[in-house]
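> fold the stuff below for me.
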Amino acid sequence: MTRVTDTTDRNDLDEAIAEVEQGLSVLFGRVRLVYKSAAAQIHPELRPVGYKILSTVVRLGETNASVLADLLETDKAVVSRQIKMLEDADLVVSRVDDNDGRARVISPTAGAVDRVKAARATQQDRLRGLLRSRPEAEVRAFADMLRLITES
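Here you go, the predicted model:
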């Protein structure tokens, strides 16, 4: 009898894991749409990858293309092209790195900081609205599960 229960429990767990996988797939699709919308909110020619780069520059304050490529797990050539577009749109400025004359330090403009904050506020308001309807224990359990997934 124990074997049937163990098998049933395992099958139930497998089904639950499959539901999580499906949910993550849908979530990733929605995240891409959020990035696309946020990019359009900031500049009509900004692509989602450009938004990711810009929002990271805003978060870090200043950085360089190599750090961005590593953090975002993106090809450095893609990062360089997007930084050029961001500079042309007056969303970032770059200067020669004092420690390495071959590298450039990228910083956000004040206008970029304001635009990214506005785009983030829209996203954060929506997320807060969804999560505030749930008990705190569920939200904390969800945060723990996200940490488990992102730290492994």
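
> got a list of what the residue most central in space within the chain touches?
Nearest to the geometric centre of the chain sits Lys52, at 6.4 Å (CA atoms, centre = their mean). By CB atoms under 8 Å, 6 or more residues apart in numbering, the residues touching Lys52 are 35, 72, 74. For the C-beta atoms, the positions are set from N, CA and C on the backbone; glycine is no exception.

> what pLDDT does the first one get?
Same thing as Tyr35. Per-residue confidence for Tyr35 comes out at a pLDDT of 93.

> got it, and Thr2?
Here the pLDDT value assigned to Thr2 is 48.

> ditto for Thr122
pLDDT, Thr122: 88.

> if we can go back for a sec, which SS state does the residue nearest to the centre of the chain fall under?
Classification of Lys52 using DSSP: H, G, I helix; E, B strand; the rest coil returns helix.

> still on that earlier bit, just give me the closest of the contacts of Lys52 to Ala89.
Tyr35 (16.5 Å; CB to CB).

> what number of residues lie near the closest one?
20 (other CB atoms under 10 Å).

> how close does the residue nearest to it when sequence neighbours are not counted get to Thr74?
Distances taken as CB to CB, 6 or more residues apart in numbering put Pro48 closest to Tyr35, at 3.8 Å, once the chain neighbours are dropped. From Pro48 over to Thr74 the distance is 11 Å, taken as CB to CB, to the nearest Å.

> many thanks, we can stop here.
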